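**Q** got a sequence here, can you build the structure:
(one chain, ligands or ions: 1)
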Amino acid sequence: MSKAQGTVLEIDLKALKHNVAFLKSRLQPNTKFLAVVKAFAYGSDSVEIAKYLEELHVDYFAVAYVSEGVVLREAGITTPILVLHPLPESFETIIEHCLEPSLYSTRVLQAFIAVAEDKKQSNYPIHLKFNTGLNRLGFAEADIPNVLSIIQDKRAINVTSLFSHLAASEDLKESAFTLQQIEQFISIASTMVNGLGYTPLLHQCNTSGILNYPNAHFDMVRSGIGLYGYGNDPKFNSYLKPIATLKTIISQIHTLKSGDSLGYNRALKATETLRTATLPIGHADGIARAYGNRKGYVIINNQKAPILGNVCMDMIMVDVTTIKCNEGDEVIVFGAQHTAEQFSETISSISYEILTAISQRVKRVFYR
Ligand SMILES: *Cc1c(COP(=O)(O)O)cnc(C)c1O
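**A** Below is the predicted model of the structure:
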């Protein structure tokens, strides 16, 4: 068994390249590809991932917040960056760093135009977000006349895209609802294009939308989780490769006898002899307390080692009673075999949550 270097998140850039190629193989040749790199590129590293994706010539990046876009610009990323949820107090920063805001209400649209005019901009790229059923952010279809009248004759801005977001693209039981979202987006886009007198890019699909709704790709698609190797469906997972492997090591092995207890609050009381391994990873690294008490497990020597007792801040203890292993041996928390999706399902969570939970304390290592 190989010796690991403490707790590390290994990122396989070859797998990322494979995932981009697979996702693009699902698109028409002219469809643009936006790579979502918010939240440290789903817990990996937004700068390393964006640099590599820029080499692969993706058309756009998206981040959630302005600060995330600033980090990419300061690292030298020159590809356009859509900021999905900018707050008005950062509109000046947006312009200073050539970031492109998603604007989703008359309040933020008017605020952005005021800042763009103040900063003497012309044709500054903006993206208008429409709500078609997620009911999270976005203009309503009924807002269109008002939106058009606000935008009319405003030379400071240019509407680069119109977009919306699907609520249940991974759930085929909800396909009637999704098709209705797509129809409504088409209707919104046609009214907007008429009113504007020019045709912005249209986009609505996230990863599962790309895979399940090929007729709704429009001019661009926005992929996040698919890039990182997860397709929200066993069928698609088989075509994708998880890019991240979370590894750690065994720091110490203990043998408990019946009656001994383990960890904080004595959450485990041994009723027979138990061999336990202590690992240098805890809830401060992203392993939620919910994984404790035998809910989650890690892989040691290709075998499942359940997490015992309460998850500590910096450590977990796992059951290695039936596993041949030594102090210093490698442990896989999740990776290509025991995936982040499988790991997260043990606490009814999703791949997105465990990936983005891996804290900045965990060292990231990249392989080409
Ligand atoms: C996060 C996000 C995406 C990416 O979704 P995935 O399911 O990870 O592909 C796309 N669009 C918007 C608006 C998002 O917030």
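**Q** ok, and what's touching the helix or strand hosting residue 102?
**A** Assigned by DSSP states H and E, residue 102 falls within strand 100-103. Strand 100-103 has contacts (CB atoms under 8 Å, 6 or more residues apart in numbering) with 80-86, 91, 94, 108-109, 112, 125-129, 137, 160, 163. (C-beta placed from N, C-alpha, C; glycine too.)
**Q** same question, stretch 346-359
**A** So stretch 346-359 is contacted by 9, 39-40, 42-44, 225, 228, 230, 232, 244, 246, 284-286, 288, 290-291, 295-297, 334, 339-341, 343-344 (CB under 8 Å, 6+ apart).
**Q** grab the nearest non-local neighbour of whichever residue of the stretch 151-300 of the chain sits closest to the ligand.
**A** Nearest residue of the stretch 151-300 of the chain to the ligand (CB to the nearest ligand atom) works out as residue 224 at 2.6 Å. Leaving aside its chain neighbours, residue 224 sits nearest to residue 36 (3.4 Å; criterion: CB to CB, 6 or more residues apart in numbering).
**Q** the one you found pairs with what?
**A** residue 62 (DSSP bridges).
**Q** around it, count how many other residues there are.
**A** Neighbourhood size, residue 36 [other CB atoms under 10 Å]: 23.
**Q** go on, residue 142?
**A** So residue 142, with other CB under 10 Å, has 7 neighbours.
**Q** sec struct for it, please.
**A** Following DSSP: H, G, I helix; E, B strand; the rest coil, we place residue 142 in the helix state.
**Q** so where's this protein uncertain?
**A** Residue ranges of the chain with pLDDT under 70: 1-4.
**Q** tell me the centre residue of it?
**A** Central residue of the chain (CA atoms, centre = their mean): residue 42, 3.7 Å from the mean position.
**Q** interface residues of the stretch 151-300 of the chain facing the ligand?
**A** Contact residues (CB under 6 Å from any ligand atom) of the stretch 151-300 of the chain with the ligand: 165, 206, 207, 222, 223, 224, 225, 226.
**Q** domains in this structure, by residue range?
**A** For the chain, automatic domain parsing gives the domain ranges 31-228, 244-367.
**Q** would you turn those domains into CSV with distance to residue 22?
**A** Listed next are the domains of the chain as CSV, based on distance: least, CB to CB, whole Å:
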stretch, distance to residue 22
domain 31-228, 8
domain 244-367, 15
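**Q** who's in contact with residue 81?
**A** Taking CB under 8 Å, 6+ apart as the test, what residue 81 contacts is 60, 61, 62, 63, 69, 72, 73, 98, 99, 100.
**Q** the same query, at a cut-off of 7 Å, please.
**A** Each residue near residue 81 by CB atoms under 7 Å, 6 or more residues apart in numbering is listed here: 61, 63, 69, 72, 99, 100.
**Q** secondary structure class for the nearest residue to the last one once chain neighbours are set aside?
**A** Read it as residue 100. Excluding the flanking residues, the one nearest residue 100 by CB to CB, 6+ apart is residue 125, at 4.6 Å. Recorded secondary structure, residue 125: strand (three-state DSSP).
**Q** beta partners for residue 125?
**A** For residue 125, the beta-bridge partners under DSSP bridges are residue 158.
**Q** my guess is it contacts residue 159, does it?
**A** No. When contacts are counted by CB atoms under 7 Å, residue 125 is not listed as touching residue 159 (8.2 Å).
**Q** who has more neighbours, those two?
**A** Higher neighbour count among residue 125 and residue 159: residue 159, with 21 against 17, using other CB under 10 Å.
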